[in-house]
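**Student:** here is the input, now give the coordinates:
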Amino acid sequence: MSQTVYVSSEALAELKQELERRKFVTRREIAARLEVAKELGDLSENFEYHEAKEQQGANESRVIELESIIRNAVLVEKKIGGTIALGSTFTAEVDGAQKVFRLVGATEANPLEGKISNESPIGKAFLGKNHGDVVEVNVPSGKVNYKILRVE
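**Tutor:** Take a look at the predicted model:
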């Protein structure tokens with residue numbers, strides 16, 4: 001069963017580039033390593049051959065995953081102002097510090113860069129909120145309150 005994947009146009013372009021690279025560059029590189037490894041003789045004890053086969057399997061798994069993500073991708077464009085939705089960038093205050101967040105699909109999430117998934121607890125808490133709202137988020141250590149200062 002396929003699952004909808006929310007991505008920005010930038011992320012979709014990066015996924016397509018990775019797919020092309022894996023299909024047309026990485027596959028050739030692995031095939032060349034397999035040919036060299038086969039020439040070394042007995043395949044049952046040939047470390048280079050087995051390593052290349054493992055890399056081939058990992059690459060093919062990633063190709064299948066990328067094709068599925070791209071096929072099921074729903075583009076999310078940046079939202080300017082208003083209500084927080086997928087693609088929104090917003091600033092919130094927590095414990096006196098301001099933090100900038102961008103609400104993105106799960107495949108783009110990177111909390112260290114302020115990109116939070118719409119499927120995460122914090123992302124779900126912010127979804128649909130507006131400038132001035134106070135958002136309470138449950139975290140392992142208790143509850144944290146965020147005040148939305150700006151929605152861009």
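
**Student:** okay, CA-based contacts and neighbour counts for the rest of this
**Tutor:** Fine.

**Student:** three-state assignment of Lys124?
**Tutor:** Three-state call for Lys124 (DSSP: H, G, I helix; E, B strand; the rest coil): helix.

**Student:** in this structure, where is pLDDT below threshold?
**Tutor:** Across the chain, the ranges flagged by pLDDT under 70 are 1-2, 78-81.

**Student:** chain center to the lengthiest helix in it, what's the gap?
**Tutor:** What stands out as the longest helix in the chain, according to DSSP state H, is helix 47-71. In terms of C-alpha atoms, centre = their mean, to the nearest Å, the centre of helix 47-71 is set 18 Å apart from its chain centre.

**Student:** report the buried residues of it.
**Tutor:** Residues of helix 47-71 classed as buried by neighbour count (16 or more other C-alpha atoms under 10 Å): 48-49, 52-53, 56, 59-60, 62-63, 66, 69-70.

**Student:** so how far is Glu65 from Ile116?
**Tutor:** Distance, Ile116 to Glu65, by C-alpha to C-alpha, to the nearest Å: 21 Å.

**Student:** one more: Ala106?
**Tutor:** Where Glu65 is concerned, Ala106 sits at a distance of 14 Å (C-alpha to C-alpha).

**Student:** ok, now which ones touch the spatially most central residue of the chain?
**Tutor:** The residue lying closest to the centre of the chain (C-alpha atoms, centre = their mean) is Thr107, at 2.3 Å. Counting by C-alpha atoms under 8 Å, 6 or more residues apart in numbering, Thr107 makes contact with 5-7, 117.

**Student:** looking at those residues, which are in strands?
**Tutor:** Within the contacts of Thr107, residues falling in strands by DSSP state E are 5-7, 117.

**Student:** and which of those residues is nearest Gly128?
**Tutor:** Set against Gly128, the nearest of the ones in strands among the contacts of Thr107 by C-alpha to C-alpha is Ser117 (13.9 Å).

**Student:** what is the burial count for that closest one?
**Tutor:** Ser117 is surrounded by 22 other residues when neighbours are defined as other C-alpha atoms under 10 Å.

**Student:** Glu20 and Ile122, how far apart?
**Tutor:** Distance of Glu20 to Ile122, given as C-alpha to C-alpha: 34 Å.

**Student:** so which of these two has more stuff around it?
**Tutor:** Higher neighbour count among Glu20 and Ile122: Ile122, with 19 against 14, using other C-alpha under 10 Å.

**Student:** contacts only, for the more buried one.
**Tutor:** Taking C-alpha under 8 Å, 6+ apart as the test, what Ile122 contacts is 116, 137.
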